[in-house]
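Participant: Here is a sequence with its predicted model. Questions after.
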Amino acid sequence: MEFQHHMSTQDNRAAPPEENQDERSQEDRETPPKNKAWAILQGLLLMTALAMGVVNSIQPEPSNSTEVGTNMLVQSESIEPGVLCQEGGVVLSTGMDININAVLDDGEVSSTTHLCNGPMGLSGPQGQPGLNGDTAHAQTLETTPLSPGDPTCPQGGTNLSGGLDLNGNGELDNEEVVTTSLLCNGASGVNGTAGVAGTNGSHGANGPAALIDKQSAPHYVCKDGFVIRFGVDDGHDGAMSQDGLLQPSEVRESLNVCFSPLLYGRVSDLATGITDSITSGCDASTWLPVTERLLVAASHADHGCEAFLHNPATNQTVLLEDLHASSGSQPGREIGFHSLAAGDHDRVFFDADDGVSGRQLWVSDGTVNNTVSLGVVEWQAPLKWADGLVFHASNGSMLWTNGTQLYTLPNAPWWNETQRIHIEAFADGHTQWGSGWTHSDSEHLWFTAVDPQGDVEPHRLTMDGSVTSWNVNPAGDALLNHGLSLESDVYVVAQRGPAKQIVQLMDNGTHSWLTSIAPSAGDTAMGERMGLNLIGENLVFDAQTQPNQPRLWTTHLPSGISVQLSTTMLAPGLNAGATVSGNSVVFDCTTPEHGMEVCITDATTMGTRVVLDATPGMLSSSVVAVQSVGEGWLALTNGNHEGSSVGTSLWSSSGTTMNLVYNPWPGTGNDSQAGQYGDLLVSDTQLFFVAHDGETGHEWHRWSHGVLSDDWIVFNR
């Protein structure tokens, strides 16, 4: 510590030069010892005399009163680092306790001294590492049950023994036991008195009866078989309860048995003869799941291109409605057909031109002469959300409908007033909803919009009216594509600098970039052919690191590690896109060894392969479409069957190989051109597609997929 005492002294003598001081000190050191001792003695005698005089002068005169003497007090107080003491310290205050209260008051302080902490010294050098200690012995605890009748625990219990496993054999030997504790069971208590019996409850209502019935197999699926249905007579989904009849909605399980191969064949021939009923611009279609009907756009000699209903049970096809007499309304030309289940009927939405009001949005319940116009929308494919469909409006807003009328999103019928005001407030500052990107799942509607700063960013609207926004690109617009929902998050392809990457938009409004695939030049073109596909914890997609050379990639979601699955597969999903089947993704690809074929991956390099070289060697097959059905999948492609070349046909697979199941136009050199028009549609029992059979032109065909989907047991008699 530094000792600082603030005192001042005065000396009226002039200070001699430094040299004289040195000389005087030197003279003092040379004084003879005898004279020096005598001088010291004289000084002591003089000081004693002075002290005695002072004592005599302060002795009080004799008095009859007694006064209490005052004490000197010393007080210490810590001080924080500051101007006086940079490292902090202690201040000592001294003075006489004039008011005799044993406390040094402010007015009693006569002197103050600061004791300052010195600066912290430098750390000493690090010591040498110590020797490695011995490995500690494992602490071991063993329990031994004690049976009833034990001398110490009559009711039984547990003996706990603890110690160190000194010999390292993994057991606690007797000589290793250090502590022992006994946990004894307590004696059983006396049984309590029986309670008063409660009153019997009222008889419950009889539950609905379980029903079993047997029906003939649908003749369009199986010509010789039966269906055993198991259900409960509970009136499920609007059926009459406990009427003794097993309605379709009351069926829980069924056993389907057929004694011949399941059926397939052509469905329609609306333009009789070899003329095509299905052509470009007149090939929209959808399956109506409630009424089990196929709705298609087709050309007819008397009506032009209109919508027709096909009933597989009766094998009849009828006109839905002649919206534009003689010329045809070309239904579904822009957005296709989109169906919704609505209780005991279907609602199907499509665009059509009635020749009077131009092309508008129409809705039908799937019955003849019950089709109405809803108005004009932008011709972009709608999204299913909130038990309805979401469309785009020409003014940059979004519209919702369930078939009754078109609503702007803020005025959808299920919002309460608070929710509506909240959504309208968001709409006031954001324009062009969904103009760049839209995506939906069962709970959320995702879309881009232009914010008040003029930037395009993603947003999410939930069923309860809450809106969440993300700022994916702080420097400008977020350019998004595709979308794959996982719980409350969505994975989407977005522009990041010069190339597209996958970003995760998280539920809390933050985002995380998942990939960082760096192309040598240009863009990654991520997901442009296959989109994003989820297999377990892995995303499977196409991307390129060299211009115009897309490859197959996967990204592991927990780690964010991206891997190219194959160095030989080129252009995955180029013709047919991709479909998820069970734990695999099926797609078309091109390899140097096999040309274009159907390929499959389970998101591992070992599980990525060509399924079948349908056209052997380097000659390519022409893969048109792939479609998952249950745990298997179907493909439209040409190939080689039993040594002969076949045109575009339907092939099935369970993942190991492919089998030809239906060739609409057999014969050498024939090609059905299946899949050239329309889509592949899957119902509970059928796959529908357009093909040419050489006699009737391009018409709708069907194939019963019950064996592939494990819905039917087939015995060949």
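Facilitator: Structure received.
Participant: On the three-state scheme, Ile421 is what?
Facilitator: When classified by DSSP: H, G, I helix; E, B strand; the rest coil, Ile421 comes out as helix.
Participant: and it, how far is that from Ser562?
Facilitator: Per Cβ to Cβ, to the nearest Å, Ile421 is found 44 Å from Ser562. Any C-beta I mention is one placed from the backbone N, CA and C, and that applies to glycine too.
Participant: Burial check on Val563, number of neighbours?
Facilitator: For Val563, the neighbour count with other Cβ atoms under 10 Å is 13.
Participant: Looking at Ile421 and Ser562, which one has more neighbours?
Facilitator: Legend: neighbour count by other Cβ under 10 Å for Ile421 and Ser562, higher for Ser562 (18 against 13).
Participant: So in terms of bridging, what pairs with the more buried one?
Facilitator: Counting by DSSP bridges, Ser562 forms beta bridges with Thr555.
Participant: List the contacts of it.
Facilitator: Thr515, Ser516, Ile517, Trp553, Thr554, Thr555, His556 (Cβ atoms under 8 Å, 6 or more residues apart in numbering).
Participant: same check, this time on Ala691
Facilitator: Applying Cβ under 8 Å, 6+ apart to Ala691 gives the contacts Thr648, Pro664, Trp665, Ser672, Gln673, Ala674, Gly675, His698, Glu699, His701.
Participant: Is the fifth one within a helix or a strand, and which one?
Facilitator: Counting by DSSP states H and E, no helix or strand carries Gln673.
Participant: The closest residue to it other than its chain neighbours: what's it in contact with?
Facilitator: In this structure, Gln673 finds its nearest non-sequential neighbour in His692, 5.2 Å apart by Cβ to Cβ, 6 or more residues apart in numbering. Residues near His692 by Cβ under 8 Å, 6+ apart: Asp276, Pro664, Trp665, Asp671, Ser672, Gln673, Ala674, His698, Glu699.
Participant: and which of these is nearest Gly195?
Facilitator: Distance to Gly195 across the contacts of His692 (Cβ to Cβ) is lowest for Ala674, with 76.2 Å.
Participant: Okay, the closest residue to that closest one other than its chain neighbours and Asn159: tell me how far apart.
Facilitator: Distance criterion Cβ to Cβ, 6+ apart; nearest residue to Ala674, sequence neighbours excluded, is Ala691 at 3.8 Å. In this view, Ala691 and Asn159 are 80 Å apart by Cβ to Cβ.
Participant: cool, and Leu514?
Facilitator: Separation of Leu514 from Asn159 (Cβ to Cβ): 56 Å.
Participant: now do Ser488
Facilitator: Ser488 sits 53 Å away from Asn159, taking Cβ to Cβ as the criterion.
Participant: Then Val318?
Facilitator: Val318 sits 85 Å away from Asn159, going by Cβ to Cβ.
Participant: Comparing these two, which residue is more hemmed in?
Facilitator: Neighbour totals were compared for Val318 and Asn159, and Asn159 leads with 17 against 11 (other Cβ under 10 Å).
Participant: Give the buried residues for the helix or strand hosting that one.
Facilitator: According to DSSP H and E, Asn159 maps onto strand 157-164. By 16 or more other Cβ atoms under 10 Å, the buried positions in strand 157-164 come out as Gly157, Asn159, Ser161, Gly163.
Participant: mind listing the strands in the stretch 351-500 of the chain by residue range?
Facilitator: For the stretch 351-500 of the chain, applying DSSP state E, counting those that start in this stretch gives strands covering 359-364, 371-375, 383-385, 388-392, 398-401, 407-408, 438-440, 444-450, 456-462, 467-469, 480-486, 489-496, 499-505.
Participant: PyMOL command for the buried members of the contacts of Ser562?
Facilitator: Filtering the contacts of Ser562 down to the buried ones (16+ other Cβ under 10 Å) takes a single PyMOL command:
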select buried, resi 515+517+553+554+555
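Participant: Tabulate the contacts of Ser562 (CSV), appending distance to Leu409 and pLDDT.
Facilitator: Output for the contacts of Ser562, formatted as CSV (distance: Cβ to Cβ, whole Å; pLDDT from 0 to 100):
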residue, distance to Leu409, pLDDT
Thr515, 32, 97
Ser516, 35, 95
Ile517, 36, 96
Trp553, 36, 98
Thr554, 36, 98
Thr555, 33, 97
His556, 37, 97
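Participant: so which pair among the contacts of Ser562 is furthest apart in space?
Facilitator: The widest separation within the contacts of Ser562 (Cβ to Cβ) is 14.5 Å, between Ser516 and Thr554.
Participant: so how far is the first residue of stretch 327-341 from its last?
Facilitator: Stretch 327-341 stretches 31 Å from its first residue to its last (Cα to Cα, to the nearest Å).
Participant: Let me see the mean pLDDT of that stretch.
Facilitator: Across stretch 327-341, pLDDT averages out at 96.
Participant: Tell me where the stretch 101-250 of the chain has strands.
Facilitator: 109-116, 139-146, 157-164, 177-184, 210-216, 225-232.
Participant: Could you do the stretch 551-700 of the chain as well?
Facilitator: 551-556, 561-564, 578-581, 584-591, 595-601, 609-612, 625-629, 632-641, 644-653, 658-662, 681-682, 686-692, 698-704.
Participant: Return the set of buried residues in the helix or strand containing Val91.
Facilitator: Per DSSP H and E, Val91 falls inside strand 89-96. Under the neighbour-count criterion of 16+ other Cβ under 10 Å, strand 89-96 has Gly89, Val91, Ser93, Gly95 buried.
Participant: Repeat that for stretch 500-507.
Facilitator: Lys500, Gln501, Ile502, Val503, Gln504, Leu505.
Participant: ok so, going back, turn the contacts of His692 into CSV, columns for pLDDT.
Facilitator: Output for the contacts of His692, formatted as CSV (pLDDT from 0 to 100):
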residue, pLDDT
Asp276, 94
Pro664, 98
Trp665, 97
Asp671, 96
Ser672, 97
Gln673, 97
Ala674, 97
His698, 97
Glu699, 97
